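*Asks:* okay, sequence plus prediction incoming.
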Amino acid sequence: MEDVVEWQNRPLERMYPVVGNVIGPDAIIDEYGADTLRLYEMFMGPLEATKPWSMSGVEGVYRFLARVWRLAMVEDQEGNWQLSPALAETLPDARQNKVIHATIKKVTEDIESLSFNTAIAQMMIFVNEFTGAATRPLAALRTLLILLNPFAPHLSEELWSLLGEKFAGFEGTISQLPWPKWDPAYLVEDEVEIIIQINGKLRHKITAKKDLPQDELEKQATSSAKIQQAIAGKTVRKIVVVPNKLVNLVIR
């Protein structure tokens with residue numbers, strides 16, 4: 001009996017020694033929020049891999065969530081948050097649609113394969129694309145919040161509620177909504193990288209429309225300032241074109 005009393009009265013640190021290399025989840029949640037902890041644990045790498053803990057990684061994920069917040073919100077001079085004037089009920093352009101549907105596809109497939117880290121990485125690409133946009137289509141933000149919800153439910157539902165106070169299409173809660181589907185038509189590559197060679201040596205690279213007619217591809221390749229400078233004073237004897245791949249100028 002005395003042994004039991006003695007054990008019960010021992011200080012906690014004697015019963016469970018603190019070795020100085022453990023960070024409790026409560027401390028992370030208090031400083032960065034539950035979404036940050038949840039997202040970071042999924043972003044660390046494949047589930048089956050051994051992963052070192054990194055506070056810089058926690059801060060990086062926290063900054064990413066802050067950027068998601070700033071897609072929809074802006075701080076006024078008094079320090080109050082309000083909906084961003086960049087939000088617009090407009091249709092995404094071709095480039096934006098490609099990013100949207102690529103993200104839907106990637107996140108959907110990665111969740112099914114438990115590859116959460118690469119799903120998050122794709123959503124970071126999404127946020128980068130729309131952060132610099134002069135106008136941010138509400139349809140794009142709506143899709144992002146649905147995709148983000150399984151990873152950061154608190155932030156996504158909070159933004160959804162705030163957007164719903166002004167805009168249609170944000171009714172209810174995200175968890176009750178159907179999962180978005182991607183359209184393969186938006187994922188077709190319509191541009192290719194063309195290598196420009198002079199006498200078989202790489203001199204330049206350009207981006208051209210896929211399946212561009214040979215005469216137009218030749219014109220685009222030879223009109224670049226870098227190639228013009230390289231062939232100045234020379235005679236172009238022959239131009240060899242490999243569709244969607246390269247243009248080789250034979251000069252003397």
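*Replies:* Yep, it's here.
*Asks:* tell me the pLDDT of the closest residue to residue 134 other than its chain neighbours.
*Replies:* Distance criterion C-beta to C-beta, 6 or more residues apart in numbering; nearest residue to residue 134, sequence neighbours excluded, is residue 86 at 6.9 Å. Just so you know, the C-beta spots here come from the backbone N, C-alpha and C atoms, and that holds for glycine as well. As predicted, residue 86 sits at a pLDDT of 94.
*Asks:* residue 86 against residue 136, yeah?
*Replies:* Yes. With contacts counted by C-beta atoms under 8 Å, residue 86 reaches residue 136, the gap being 5.0 Å.
*Asks:* which of the two has more neighbours?
*Replies:* More neighbours surround residue 136 than the other of residue 86 and residue 136, with 22 against 15 (other C-beta atoms under 10 Å).
*Asks:* return the distance of that one relative to residue 200.
*Replies:* Residue 136 sits at a distance of 46 Å from residue 200 (criterion: C-beta to C-beta, to the nearest Å).
*Asks:* and what of residue 123?
*Replies:* With the distance defined as C-beta to C-beta, residue 123 ends up 43 Å from residue 200.
*Asks:* neighbour count for these two, which is higher?
*Replies:* With neighbours defined as other C-beta under 10 Å, residue 123 and residue 200 compare such that residue 123 has more, 21 against 9.
*Asks:* where does the more buried one land in three-state SS?
*Replies:* helix (DSSP: H, G, I helix; E, B strand; the rest coil).
*Asks:* ok, now the one 4 residues further on?
*Replies:* Classification of residue 127 using three-state DSSP returns helix.
*Asks:* hey, where'd the helices end up in this structure?
*Replies:* The residue ranges that make up the helices of the chain, judged by DSSP state H, are 2-8, 12-15, 25-32, 34-43, 55-72, 94-112, 116-131, 138-148, 153-164, 214-222, 225-230.
*Asks:* so which of those helices is nearest residue 247?
*Replies:* Each of these was checked against residue 247 via C-beta to C-beta, and the shortest separation belongs to helix 214-222, namely 4.0 Å.
*Asks:* what does the closest one rub up against?
*Replies:* 194, 196, 204, 206, 208, 212, 227-228, 231, 236, 239, 241, 243, 247, 249 (C-beta atoms under 8 Å, 6 or more residues apart in numbering).
*Asks:* buried ones in stretch 28-39, by neighbour count?
*Replies:* 28, 32, 33, 35, 36, 37, 38, 39 (16 or more other C-beta atoms under 10 Å).
*Asks:* quick one: neighbours of residue 94, just the number.
*Replies:* Neighbouring residues of residue 94 were enumerated by other C-beta under 10 Å; the total is 8.
*Asks:* measure it to residue 42 for me?
*Replies:* Relative to residue 42, residue 94 is positioned 31 Å away (C-beta to C-beta).
*Asks:* for residue 75, same thing?
*Replies:* Relative to residue 42, residue 75 is positioned 28 Å away (criterion: C-beta to C-beta).
*Asks:* also residue 157?
*Replies:* When C-beta to C-beta is the yardstick, residue 157 and residue 42 sit 18 Å from each other.
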